[in-house]
Every structure is written in C-alpha cells, then in structure tokens.
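**Student:** give the three-dimensional model of this entry:
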Amino acid sequence: MKIDRTKNSVRNIAMGFLNKFVMLLVPFIIRTIIIYLLGTNYVGLNSLFISILTVLSLTELGFGSAIVFFLYKPIAENDTKTICALLNLYRKIYYIIGSVILVLGLGLMPFLEVFIESDIPAGLNIYVLYGMYLANTVATYFFFGYKNAILKAVQRNDIISNITTVVYLLMYGIQIAVLFATKNYYIYVLLIPLFNIVLNIATAIYTQKKYPQYIAKGKEYNVDKKDMKQKVSGLMMSKIGAATRNTFDSIVISSFIGLTQVGIYNNYYYILTALAGIFAVILNSILAGIGNSIAVESREKNYRDFRIINFMYMLISGAATVCLVTLTQPFMEIWVGEELMFPTYISFLFCFYFYLLRQGDISSIYFNAIGLWWKGKWRYLIEAVLNLALNIVLGKYFGVLGIILATIATILCFSYLYGSTFIFKYYFGKKHYWNYIFRNVAYFFVTLTAAAAAYYLCSFITLEGGKWILVGAWFIKLAISVAVSLLVFYLAYFRTKIYQNSIRWIKLKKDYLLKKDKSKD
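**Tutor:** Numbering: from 1, shown residues only. Take a look at the predicted model:
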C-alpha cells in the first residue's frame, strides 16, 4: 500500500487540530464548572486518580506503539497475512494487560487514603469513584482498543480524531447538563467509561468497514520475533519516564501537601498539557510519514528533513513559550482568581518546563520512527527513579517549587541531553550530535530574548477592573507577545541557511499538494 505522506500529514494535522480544540476547550469549561460548583479538591481528586492509574497502565506502555511500528512494513508490502496475525497478537496482549490492570487496581483500593494528605470532599466515597476511573482504564483493553493500530499505521489519525470529536462532544454535553442539574459527581464520572466504550466500538466499526481485509486472526507473521520482543521491551521502558513525570508530581503533592495544592498544580499543568496537546497533533500526524520516509529514503535525505522540521518546530514552540510567559498568570487571575494562583516565579518554571519538553520532541519522534527503544531502555528507568526520589526529597523541603525543579532536572539530563544521543549514534551519525545541541541552545536564547522583551512590554498593560477589562488586557498582551515573537525570530533567522532551506522545503510541499489537487480535477 502506497502512503501519500504529505497529504496524510496535512489531513491528520487539520482534523487533529479540530479534535484538539474540542478536547481542550470543553474539558476546560467543565473543569471551571467543577471548581466553582464543587471545589478545587474535586479537581485534585480527579488528577490523583488519573495519576495512580497511569502508573498501573505502565504494563501496556510500548506494546501499542510497537505494533504500529511493525505494521509499517507489511502495509507497505500489502502483506495482509502478517497484518492480521499482528492484530490478533495485539488483541490477545490487550486482554492480558486489561486483566492485569484490573487486578492491580483492585488490590490498590485499600491503600487509597495513604495517597491523600487532606481535603477529601465531604460525603464523597473515594473507593466508588476510584472504581469508576479504574473501569474507564480497563474498558479500552476489552473493547476493541487494538483496532486503532490499523488507522495509525496507514496514517489516518484524522479518522480517529473525527470519531473522538463526535463522541466526546456528546459526552461533554451530557456531563455539563448533569453538573448543573444535579451537581452529582458520581454520574459525571460514570459517563466517562460508558462513552469510551462507545468510542472504541465506533472506531472498530469504521475500521472494519474501511479495511475489511484486516481481521485479527492467525499466528504467523513475517516479523523477527526476537527483534519484536526487544523493541516492545525497550519501548515499554522508554515510555516510563514521560508517563511518570506528572504522575509522580501529583501523587507526591497529594501525599505531602493535600488535594487542594494538587488541584492548583494541575490547573497550571493543564494549561501546559493543553498547549502540548496541540503540538502532539503535529507530532502524531507526521510520525507515520517519518517512519515511511526512514524505510524508503536515504539517511542523508532524512537528516536534511530532520534539521528543517526541528527548526520549524522550535520556532512554533518558541512563540508558544513567549505567550506562556506573558499570559499564564493573567489567565489564572481571570480563570480561578488570585487565591488559587502560584507565585510568578513558579509560573516561569512551568514555562521553562514546557519549552524543555518541546526541545526534545522531534528527536523523540525520529527515535520512535527508527525503533531505537531497546537501545535507550535504561535511561528512562533511571529518569523515572531519579525523578521520584528528587520529588520526594525536594518536595518535602521546598513543596511545589522543589517538585517542579526535580522534574526539570531529570528532563534536562536524561530526556533531552542524553536521550537525544541515540538517533545520532545509531542512525544520523555521532558527528551531528553537538551541532544539534548547539542549534537548540541558540534557539533557546533567541526565545528567551523574545520572552523578556514581550514580558517587559506587557508589564505596561496594567488595566484594573472587572473580568471583561482583564480579558481585554489579556488579548492585548497576546497580540504583543505574538508580534514580538515574529519580529525577534525574523531578525534572528532570516539570513540563516536553515531558514532559507525551510522556506524552500515548505514551497515544495505546497506545490506537491496543489499538483495532487489539480490532478484530481
């Protein structure tokens, strides 16, 4: 099967942005409703349960992504027998994983209060709520979750986005009605696993209709089983570092400080993840295309693409970071009020946290596309263990500040500086590593300059009054931040070779898409 990488990437990004807009805006509205109707401790409890179940879900981390990786080649070669066998394997493993998570989750129930220092909402049974969240986590594995692999492997994430948007809009609408009509948190939570089951069934029905030849059956697949075991094991460990960052943060804050502080922390983290979710649309949309390119193009061609993609991605990331620096605290003031805000220096740390993660995103995408999980397996485990240890030590003495610093330190050392070495050592060549690091450092200082200039200019916008005046001031600061970012980035880069190469690369992609559209006419 021939995959049109450019066309699919554009389509995935467009539909992904629409889905992300819905999946960020409406939950934000619901989160706001919960804060004002029920209280911040409800938001904290939600974050805690999700964090605990994320740890339990580490049993799955890696297998789904590895299966998608191994589907690239048989799909390109129209090897239907191997595709069906891999899906069958995927389904069986998902049943096992779901069962393991269910048993571990039930076993953890008696110890829930150990993770909560204070602020349990009055009259709320945390065991019943936890059971509902556990049911939501387990449902994915028993209700056709494996079917998504086909759509991801053929680079049709847009279909997943469209189905998710429709199903979740319906769920969110009912949840909002329930909160206003009854203020019943149990019904609100119960709707989540019910609609996730509907989502999985709807996706499975579409996949079966679109690709009826791909059925989960057979045991023989044209894949090196030893290589698969290595990649699955490596990918499982590679996901641990990323999956446990906020998980450990929330659990430690809840254990040492309380649910209210977890709620405040996750309000800030929600803004970061909301913005990161937009970037994830881009990354998920190009992953299959990059995987296909690595399979059919030369390393030199892929390295040229890597440099251009990383440059453009860091421009977008830099502009987003500048906006975070200038707009986070004003947004929090409008959203939840000063009593539920952290000091400005902690807000700045969240911004640095966000930018640091973005600096390693493109190298991580290539790491996954190349399939180097086994090579980098130990650094993720070390990162997770060190992050937890630093969280406990620094969190105990410095509170939220210490926890954020602990997470930043482990990301910088293990996820970025060390983690980026693998794609150069095993694919692009070691000689390119320091060039990559120096370029990213340069991108950081340009972003820092833009952020400082924008923050200084925005400091003159000190309108006081009602919320609508504050909202107006916020949009003025947004305009200043975007304008300053564009100006600083243009002055810094417009004479550089990488900028010129990027412009040509974009024009080539644009001309290709226009040519494809005309050929259809």
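
**Student:** list the buried residues in stretch 75-94.
**Tutor:** For stretch 75-94, burial by neighbour count (16 or more other C-beta atoms under 10 Å) applies to 75-76, 79-80, 82-91, 93-94. (Glycine included, C-beta is placed from N, CA and C.)

**Student:** which of these has the weakest pLDDT?
**Tutor:** Minimum pLDDT for the buried residues of stretch 75-94 is recorded at residue 76 (73).

**Student:** distance of that residue relative to residue 292?
**Tutor:** From residue 76 over to residue 292 the distance is 7 Å, taken as C-beta to C-beta, to the nearest Å.

**Student:** repeat for residue 371
**Tutor:** Note on residue 371: its distance to residue 292, by C-beta to C-beta, is 13 Å.

**Student:** before we move on, what about residue 82?
**Tutor:** Going from residue 82 to residue 292 by C-beta to C-beta gives 17 Å.

**Student:** now the helices for the stretch 301-450 of the chain?
**Tutor:** With helices called from DSSP state H, counting those that start in this stretch, the stretch 301-450 of the chain shows them at 344-359, 361-370, 377-398, 400-410, 421-423, 433-458.

**Student:** wait, which of those helices is closest to residue 306?
**Tutor:** Nearest to residue 306, of all the helices of the stretch 301-450 of the chain, is helix 361-370, at 6.1 Å by C-beta to C-beta.

**Student:** output the closest one as PDB, nothing but the C-alphas.
**Tutor:** Extracted in PDB, the C-alpha atoms of helix 361-370 (Å, rounded to 0.1, in the frame of the first residue of the first chain):
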ATOM      1  CA  ASP A 361      10.100  16.300  20.700                       C
ATOM      2  CA  ILE A 362      11.500  16.000  17.200                       C
ATOM      3  CA  SER A 363      14.400  13.800  18.200                       C
ATOM      4  CA  SER A 364      11.900  11.600  20.100                       C
ATOM      5  CA  ILE A 365       9.700  11.300  17.000                       C
ATOM      6  CA  TYR A 366      12.700  10.100  15.000                       C
ATOM      7  CA  PHE A 367      13.700   7.800  17.900                       C
ATOM      8  CA  ASN A 368      10.300   6.200  17.700                       C
ATOM      9  CA  ALA A 369      10.200   6.100  13.900                       C
ATOM     10  CA  ILE A 370      13.600   4.400  13.800                       C
END
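
**Student:** and the angle from that helix to helix 344-359?
**Tutor:** Orientation check (axes from the mean of the first three to the mean of the last three C-alpha atoms, to 10 degrees): helix 361-370 against helix 344-359 gives 40 degrees.

**Student:** what's the mean pLDDT across helix 361-370?
**Tutor:** On average, the pLDDT along helix 361-370 is 84.

**Student:** and what of stretch 301-317?
**Tutor:** Mean pLDDT, computed over stretch 301-317, is 90.

**Student:** one more: stretch 205-223?
**Tutor:** 78.

**Student:** other SSEs contacting the helix or strand where residue 173 lies?
**Tutor:** Using DSSP states H and E, residue 173 maps to helix 157-182. Counting contacts by 3 or more C-beta pairs under 8 Å, 6 or more residues apart in numbering; DSSP states H and E, helix 157-182 packs against helix 5-37, helix 148-153, helix 185-210, helix 259-296.

**Student:** most packed of those?
**Tutor:** helix 148-153 (a mean of 24; mean count of other C-beta atoms under 10 Å).

**Student:** gap between that helix and the chain center?
**Tutor:** Computed by C-alpha atoms, centre = their mean, to the nearest Å, the chain-centroid distance of helix 148-153 equals 18 Å.

**Student:** with stretch 386-403 instead?
**Tutor:** On the basis of C-alpha atoms, centre = their mean, stretch 386-403 sits 23 Å off its chain's mean C-alpha point.

**Student:** stretch 83-93 too?
**Tutor:** With C-alpha atoms, centre = their mean as the basis, stretch 83-93 stands 25 Å off its chain's centre.

**Student:** and the closest residue to residue 200 other than its chain neighbours, what is it in contact with?
**Tutor:** In this structure, residue 200 finds its nearest non-sequential neighbour in residue 143, 4.3 Å apart by C-beta to C-beta, 6 or more residues apart in numbering. Going by C-beta atoms under 8 Å, 6 or more residues apart in numbering, residue 143 touches 196-197, 200-201, 204.

**Student:** packing partners for whichever strand or helix holds residue 133?
**Tutor:** Per DSSP H and E: residue 133 is located in helix 126-142. With contacts defined as 3+ C-beta pairs under 8 Å, 6+ apart, helix 126-142 has these neighbours: helix 40-56, helix 80-108, helix 185-210.

**Student:** just so I know, which of those helices lies nearest residue 401?
**Tutor:** Closest to residue 401 of these is helix 40-56 (C-beta to C-beta; 18.1 Å).

**Student:** check the contact between residue 336 and residue 267; I expect there is one.
**Tutor:** Yes. Residue 336 is in contact with residue 267 according to C-beta atoms under 8 Å; the separation is 6.2 Å.

**Student:** pull up the overlap in contacts between those two.
**Tutor:** With contacts defined as C-beta under 8 Å, 6+ apart, the residues shared by residue 336 and residue 267 are residue 40.

**Student:** before we move on, the earlier item: ok, of the buried residues of stretch 75-94, which one's closest to residue 284?
**Tutor:** With C-beta to C-beta as the yardstick, the closest approach to residue 284 among the buried residues of stretch 75-94 comes from residue 75, at 17.2 Å.

**Student:** rewinding a little: among the helices and strands packed on helix 126-142, which is nearest residue 279?
**Tutor:** helix 40-56 (19.8 Å).

**Student:** from residue 194, how far out is the closest residue to residue 411 other than its chain neighbours?
**Tutor:** With sequence-adjacent residues excluded and distances taken as C-beta to C-beta, 6+ apart, residue 411 is closest to residue 356, at 5.4 Å. Distance, residue 356 to residue 194, using C-beta to C-beta: 38 Å.

**Student:** just residue 450 next, same as before
**Tutor:** Noted for residue 450: a distance of 46 Å to residue 194, by C-beta to C-beta.

**Student:** for this protein, name the helix or strand with the lowest mean pLDDT.
**Tutor:** Each helix and strand of the chain was given a mean pLDDT (mean pLDDT, DSSP states H and E); the minimum falls on helix 225-256 at a mean of 67.

**Student:** can you tell me the SS state at the nearest residue to residue 334 once chain neighbours are set aside?
**Tutor:** In space, and not counting its chain neighbours, residue 334 is closest to residue 470: 5.1 Å by C-beta to C-beta, 6+ apart. Using DSSP: H, G, I helix; E, B strand; the rest coil, the three-state assignment for residue 470 comes out as helix.
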